[in-house]
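[1] Generate a structure from the sequence data that follows.
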Amino acid sequence: MIDTSNHMNLKIVPILKRYFKINSGIHINIFEVTNLKGETANILSTYIIESLKKHKLTDKIIAFSSDNCNTNFGGILRKGSNNVFSILNKNLKTNIFGVGCAAHILHNSMQSRADVLPVDVEIIVNNIFQFFHIYTVRVEHLKEFYEYANVDYKNILGSVKTRLLFLITGNNKNY
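    Predicted coordinates for the structure are as follows:
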């Protein structure tokens, strides 16, 4: 799995590996993060292949997951040879499975269903966040309601511009 986060003049690209162990289930680990000079299919695929070779994983890869953009998959029909998915298949001499970004797939599905609602759900959610996020008294009343309802309180999250996969690294200042 890869994703690119643009922070001013940086193109930060984490590579994650997802694998399954019989005794402990599914695991996801970050095994590379770097700042690339661009986001072309050749730059990204070269970085991925070099990382796979470095970690001796070239013969273990069965799928590639990323945004559904043309650079990564060659468009909606997944045609062409100048995209990361095609270049990986060609250079790794295998037939890996292409998986679009699960977060985007889920978002698009939810957006399609939300479009038929008579209200704008995104505006409602943002208004709820704005109502609570800086008012301690309001949050305390909300916590009291949660306690009354016998539900664990969780912080209300707002929207951010940072890409999904990059959030997994937390606040690590080394990247």
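
[2] can you tell me how far Ile15 sits from Leu106?
    22 Å (Cβ to Cβ, to the nearest Å). For every residue, glycine as well, the C-beta is placed using N, CA and C.

[3] So which of the two has more stuff around it?
    Neighbours around Ile15 and Leu106, counted as other Cβ atoms under 10 Å, are more numerous at Ile15. The numbers are 22 against 10.

[4] Mind jotting down where the helices sit in the protein?
    Taking DSSP state H, the helices of the chain run over residues 41-54, 70-73, 84-92, 102-114, 121-132, 136-148, 164-167.

[5] Give me the contacts around the fifth one.
    Read that as helix 121-132. Helix 121-132 is touched from outside by 114, 138-139, 142, 156-159, with contacts defined as Cβ atoms under 8 Å, 6 or more residues apart in numbering.

[6] shaky segments in this structure?
    Per-residue confidence for the chain (pLDDT under 70) gives these ranges: 7-8, 160-175.

[7] Try it again at 90.
    For the chain, the stretches with pLDDT under 90 are 1-14, 16-19, 28-32, 34-40, 60, 65-82, 93-95, 98-136, 153-175.

[8] so what's the residue sitting furthest away from the middle of it up against?
    What lies farthest from the middle of the chain is Tyr148; by Cα atoms, centre = their mean that is 35.3 Å. For Tyr148, the contact set (Cβ under 8 Å, 6+ apart) is empty.

[9] Flag every buried residue along stretch 10-24.
    11-17 (16 or more other Cβ atoms under 10 Å).

[10] okay, it in CSV with CA atoms only?
    Taking Å, rounded to 0.1, in the frame of the first residue of the first chain, the C-alpha atoms of stretch 10-24 are listed here in CSV:
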residue,chain,number,x,y,z
LEU,A,10,7.7,17.6,0.1
LYS,A,11,6.2,14.5,-1.5
ILE,A,12,6.2,12.1,1.4
VAL,A,13,5.5,8.5,0.4
PRO,A,14,5.0,5.7,3.0
ILE,A,15,5.0,2.1,1.9
LEU,A,16,3.0,-0.3,4.1
LYS,A,17,3.0,-4.0,4.0
ARG,A,18,-0.1,-6.0,5.0
TYR,A,19,0.2,-9.6,5.8
PHE,A,20,-1.5,-12.4,7.6
LYS,A,21,-0.2,-14.7,10.4
ILE,A,22,-2.2,-17.8,11.4
ASN,A,23,-1.7,-17.2,15.2
SER,A,24,-2.3,-13.4,15.2
